[in-house]
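**Student:** fold the following.
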Amino acid sequence: MAGREELHDLRRRAHEARIEGASRMDERQLRQALQEVGRGVQPMTAKREAKGQQ
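**Tutor:** Sure, this is the predicted structure:
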């Protein structure tokens with residue numbers, strides 16, 4: 001489990017990557033979405049995929 005600072009950093013990075021609604025995502029979802037965006041996936045597609053794999 002991420003610490004408070006790490007979770008804040010993940011959310012900040014998600015915001016910079018234009019992933020909307022990052023404040024409602026958990027650590028696993030944020031990491032997965034950021035990884036997908038890094039591979040070239042569109043931000044909203046990455047978010048949808050990360051949230052759908054619960």
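
**Student:** where does E20 fall, phi/psi-wise?
**Tutor:** phi -70, psi 150 (degrees, to the nearest 10).

**Student:** low-confidence regions, the protein specifically.
**Tutor:** Along the chain, segments meeting pLDDT under 70 span 1-2, 54.

**Student:** all helices of it, in order?
**Tutor:** 4-16, 27-38, 43-52 (DSSP state H).

**Student:** now render those helices as TSV, adding mean neighbour count.
**Tutor:** The C-beta positions use only the backbone N, C-alpha and C, and glycine is treated the same way. Below are the helices of the chain laid out as TSV (neighbours: other CB atoms under 10 Å):
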stretch	mean neighbour count
helix 4-16	14
helix 27-38	18
helix 43-52	17
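
**Student:** how close does A22 sit to G38?
**Tutor:** 15 Å (CB to CB, to the nearest Å).

**Student:** contacting residues around the residue sitting nearest the centre point of the chain?
**Tutor:** Centroid-nearest residue in the chain, with CA atoms, centre = their mean: L30, separated by 2.5 Å. If a contact means CB atoms under 8 Å, 6 or more residues apart in numbering, then L30 has 7, 10-11, 13-14, 19, 22, 50 as its contacts.

**Student:** one more time with 10 Å
**Tutor:** L30 is in contact with 2, 6-7, 9-11, 13-14, 17, 19, 22-23, 47, 50, counting by CB atoms under 10 Å, 6 or more residues apart in numbering.

**Student:** distance of L7 relative to A33?
**Tutor:** 14 Å.

**Student:** between these two, what contacts are shared?
**Tutor:** In contact with both L7 and A33: M25, using CB under 10 Å, 6+ apart.
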